[in-house]
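[1] Coordinates for the following, if possible.
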Amino acid sequence: MSQRAGLQAYFTSLDGIPRPAPGRHVLGTVAFGERTGLSLTGQGHPELAIPMSSPGFDSFREVWTTGTEPVSGTRGNLAFAHDGEYLFISGALPPLPVYRKTVREVYEAAFALVNELGYPHIFRMWNFVGDIIGPNAEGMEIYQDFVAGRAEAFASYGDGTGHMPAATGIGTRGEGISFTLLACREGRPRHVENQRQTPAYHYPEQYGPKPPSFARATRLHPAGAGQGDGALFVSGTASILGHETVHRGDVAAQTDVVLENIAELIGGPNLAAAGLDGGHELKDLRLVKAYVRHEADLPVVRERCRSAFGPDTEVMYMNVAVCRDDLLVEIEGLVPGPEWTR
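    Residues are numbered from 1 along each chain as shown. Next up is the predicted model:
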């Protein structure tokens, strides 16, 4: 694969329109600001807008680009674009008393579109859940309500857990549920677990009627790449060892555990245990997002991240709830593959 052809991404301002490098085309965007919405923009690509920004924290646009002019469209609650190798889909649901059935339906619709368009390999998902640890109309936590619907959709999508990609499930500053997924046609995703953590899909029932449906990371091998090539997508990672939250109430200690978990996940020994070559350090991460539950904790999280990541790592900070009421911070990112130029 040529450098021009691969999937790439970058952060930019919400002002104006995305302006990718010469020879690049916008596949899809996610706007982390104050708006809520899903549409095809005037430039023709899908954009999901999520209310995530607040004073003192970051507002920005995440732009996904490819080297081929994409085709875009809408279907029901979905907006999408694809270029022959990569597919970007976003979906959005309004606030509902109970989400499980509707989440299952819209995720099944997204999976059906994946198959119809011929991009069978989902390698990254983001799930944005308003009032994530609040109750639904039946008294169940909204995150657990969402997870149950998503699990039922995944059960219809494929057998077992090997098809579950890297993912993030995080709160927003609004209501409703939205998501984005990335899939490919010829690339080969390899999903990775963390030896320090229980696979999320094996969590016990104390965390809800259905376990979460995601892997801790996914390495995407572009068509023709070797075992050590390709971007490594790191899921939203929290202060969890085994399946239990550790260091309740201590944001500094929780942030340290998050960073240790990510370092373990992307390091050589853990990748080798998954049958993959190579190994990475925290300074190799890019497109890092840090979700901080309490506004007052931002300075502590920012300082820990500044010390852990290299000078080339741009970190965006958002003040939103995490998926458990005792988790104070969650961090995600990716290690670019050699095909990335930006």
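[2] List the contacts of the spatially most distant residue from the centre of the chain.
    For the chain, the largest distance from the centre (CA atoms, centre = their mean) belongs to Glu138, which lies 27.9 Å off. Listed by CB atoms under 8 Å, 6 or more residues apart in numbering, the contact set of Glu138 reads 97-98, 145. The way it works is simple: take the backbone N, C-alpha and C, and place the C-beta from them, glycine included.
[3] List the contacts of the residue positioned nearest the centre of the chain.
    Nearest to the mean C-alpha position of the chain, by CA atoms, centre = their mean, lies Trp126 at 3.5 Å. Trp126 is in contact with 30, 167-168, 170, 179-181, counting by CB under 8 Å, 6+ apart.
[4] One more: Ser53?
    Per CB under 8 Å, 6+ apart, neighbours of Ser53: 32-34, 59, 173, 318.
[5] Put the alpha carbons of stretch 163-180 into CSV.
    C-alpha atoms of stretch 163-180 as CSV (Å, rounded to 0.1, in the frame of the first residue of the first chain):
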residue,chain,number,x,y,z
HIS,A,163,-14.7,-10.2,15.8
MET,A,164,-15.0,-7.7,18.6
PRO,A,165,-12.7,-4.7,17.9
ALA,A,166,-11.0,-2.0,19.9
ALA,A,167,-13.6,0.4,21.3
THR,A,168,-14.4,3.2,23.6
GLY,A,169,-17.6,3.6,25.6
ILE,A,170,-17.7,7.1,27.2
GLY,A,171,-20.1,9.6,28.6
THR,A,172,-21.0,12.9,27.0
ARG,A,173,-22.3,16.3,28.2
GLY,A,174,-25.7,15.7,26.5
GLU,A,175,-28.3,13.0,26.0
GLY,A,176,-28.8,10.2,23.6
ILE,A,177,-26.4,7.7,22.2
SER,A,178,-24.2,7.9,19.2
PHE,A,179,-21.3,5.9,17.7
THR,A,180,-18.7,5.7,15.0
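[6] buried sites along that stretch?
    163-180 (16 or more other CB atoms under 10 Å).
[7] model confidence over that stretch, on average?
    Mean pLDDT, computed over stretch 163-180, is 96.
[8] picking up where we left off before, narrow the buried residues of stretch 163-180 to those in strands?
    166-171, 177-180 (DSSP state E).
[9] quick check, nearest of those to Pro204?
    Distance to Pro204, by CB to CB, is smallest for Gly169 among those, at 17.6 Å.
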